[in-house]
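1. only geometry, no sequence info:
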């Protein structure tokens with residue numbers, strides 16, 4: 001029998017048939033097996049925030065993060081929602097190998113801040129489905145469907161706030177343009193982002209300690225970095241869970257790695273530069289997305305005007321506008337790259353230079369080098385030049401195109417040519 005060092009009435013017992021637990025100093029016991037295979041348990045120990053179990057013939061097992069056990073009270077079962085206070089997270093995270101582990105390797109604990117909350121009932125989605133989410137996508141699936149039907153708020157959301165009370169990360173996240181299969185970016189494989197679980201009982205979600213990332217461009221691969229936001233600095237934060245319009249808060253602490261001698265000032269230098277890089281990438285990507293949205297509108301209008309007397313004038317004005325937009329677009333992004341391997345054939349552009357610089361700056365816990373600052377200044381100057389050109393296009397060329405369309409008196413409704421022909425052929 002082992003006593004929890006942080007909660008004196010919490011006991012763990014090793015038996016011939018598994019592990020038992022008591023929340024009232026041994027007055028009552030209940031089986032605490034989980035996914036532990038039935039086997040004799042010869043010893044167990046509480047190590048930090050983990051429960052380590054030694055079985056006879058079935059290997060060592062570790063229960064990661066027993067914070068909910070230490071905070072559990074019987075009355076929690078009657079609460080509609082309960083947000084547990086997360087254990088402190090370490091600023092240094094050790095992630096899985098690039099290609100993952102094999103069947104002979106154990107599973108590492110999640111990398112980030114582990115957040116637990118309990119729900120009395122399974123939540124329904126904003127679109128009326130039985131559940132707010134399904135599988136790995138969690139509440140995000142319900143949120144996506146809700147957006148498609150009128151942007152209803154999801155029944156559950158989770159926010160991370162900094163010391164100033166500003167939201168630095170929100171789940172479910174805002175959907176990116178063209179988000180879906182094949183829209184992932186960055187170096188290496190990135191699986192589907194796990195959403196907020198919404199099952200009745202205890203739920204777990206892991207914040208990866210990162211701020212919101214930059215905006216993305218659909219089907220545009222990147223090399224040497226990603227659009228992920230910078231990792232949060234050690235300090236005090238807050239978790240805010242909102243369920244059906246009611247919010248619950250809990251403190252969260254990120255602790256520095258005690259093995260590092262990095263000063264707070266150097267960590268802030270790294271963070272501040274990464275934030276600037278993130279914002280610059282967002283400016284570049286937002287501009288590209290605007291350009292492509294305008295181009296789609298021009299193409300759609302040209303298609304509608306086929307065979308109409310206004311087609312030639314509108315198409316010529318559209319070509320002139322598109323020519324100026326393309327000149328900016330091709331500086332900001334490699335338009336020919338559609339898959340990760342295309343980067344080997346076509347040189348990267350300004351957005352990928354910024355992303356790669358972020359990859360270098362964030363590759364280790366250290367202050368940025370002088371060279372990193374110099375490269376960022378060079379790239380910022382190039383970006384500002386293109387943004388200035390884009391503002392000029394928006395101020396003059398786009399209104400000029402709209403004037404052409406207006407002067408051509410393009411009708412709001414244009415009958416399809418096939419329909420017109422059919423109507424004409426119906427008369428004797």
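-> Structure received. Just so it is clear, the model here is predicted, and its values are computed rather than measured. Numbering: from 1, shown residues only.

2. gap between the residue nearest to the spatial centre of the chain and residue 222?
-> Closest residue to the average C-alpha location of the chain: residue 173 at 6.0 Å, with C-alpha atoms, centre = their mean. Distance, residue 173 to residue 222, by C-beta to C-beta, to the nearest Å: 18 Å. Backbone N, C-alpha and C define where each C-beta goes, glycine included.

3. going by neighbour count, which residues in stretch 156-164 are buried?
-> By neighbour count with 16 or more other C-beta atoms under 10 Å, stretch 156-164 contains the buried residues 156-162.

4. need the phi and psi values for residue 78.
-> Here is the backbone geometry of residue 78 (degrees, to the nearest 10): phi -90, psi -10.

5. residues in contact with it?
-> If you count contacts by C-beta atoms under 8 Å, 6 or more residues apart in numbering, residue 78 has them with residue 120.

6. so how far is the helix or strand containing residue 21 off the chain centroid?
-> In this structure, residue 21 is located in strand 18-22 according to DSSP states H and E. Put simply, strand 18-22 sits 37 Å off its chain's centre (C-alpha atoms, centre = their mean, to the nearest Å).

7. stretch 30-46 too?
-> 35 Å.

8. avg pLDDT for that stretch?
-> pLDDT averaged over stretch 30-46 equals 93, rounded to a whole number.

9. what about that stretch, how long is it end to end?
-> Terminal residues of stretch 30-46 lie 18 Å apart, using C-alpha to C-alpha, to the nearest Å.

10. which residues are contacting that stretch?
-> With C-beta under 8 Å, 6+ apart, stretch 30-46 has contacts from 2, 4-5, 12, 14-22, 51-58, 61, 63, 66.

11. ok, now with 6 Å
-> With contact meaning C-beta atoms under 6 Å, 6 or more residues apart in numbering, stretch 30-46 is reached by 2, 4, 12, 14, 16, 18-21, 52-56, 58, 61.

12. and that stretch, what's buried?
-> 32, 39, 41, 44, 46.

13. mind listing what the strand holding residue 21 pairs with, with the direction of each?
-> strand 11-15 (antiparallel), strand 30-31 (antiparallel) (DSSP bridges).

14. can you tell me which of those is nearest to residue 371?
-> The closest of these to residue 371 is strand 11-15. By C-beta to C-beta, the value is 53.1 Å.

15. relative to the whole chain's centre, how far out is the closest one?
-> The answer for strand 11-15 is 40 Å, by C-alpha atoms, centre = their mean.

16. mean confidence score for that strand?
-> Mean predicted lDDT for strand 11-15 stands at 96.

17. how about that strand, which residues are buried there?
-> So, applying 16+ other C-beta under 10 Å, buried residues of strand 11-15: 11-14.

18. do stretch 215-224 as well
-> Here stretch 215-224 shows 215-217, 220-224 as buried, counting by 16+ other C-beta under 10 Å.

19. again, but for stretch 287-294
-> 287-292, 294.

20. pipe those into CSV and attach secondary structure per row.
-> CSV is the format used below for those (DSSP: H, G, I helix; E, B strand; the rest coil):
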residue, secondary structure
287, helix
288, helix
289, helix
290, helix
291, helix
292, helix
294, helix
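
21. wait, which of these is closest to residue 387?
-> Nearest to residue 387 among the buried residues of stretch 287-294, with distances taken as C-beta to C-beta, is residue 287, at 6.6 Å.

22. backbone dihedrals for the nearest residue to the closest one once chain neighbours are set aside, please?
-> Computed as C-beta to C-beta, 6 or more residues apart in numbering, the closest residue to residue 287 that is not its neighbour in sequence is residue 390, at 5.3 Å. The phi/psi pair for residue 390 (degrees, to the nearest 10) reads phi -70, psi -40.

23. distance between stretch 248-263 and the chain's centre?
-> 21 Å.

24. residue 154: how many residues sit nearby?
-> 28 (other C-beta atoms under 10 Å).

25. which SSE is it in?
-> Judged by DSSP H and E, residue 154 forms part of no helix or strand.

26. coming back round to it: and the two most separated of the buried residues of stretch 156-164?
-> Longest span within the buried residues of stretch 156-164, C-beta to C-beta: 156 and 162, 21.7 Å.
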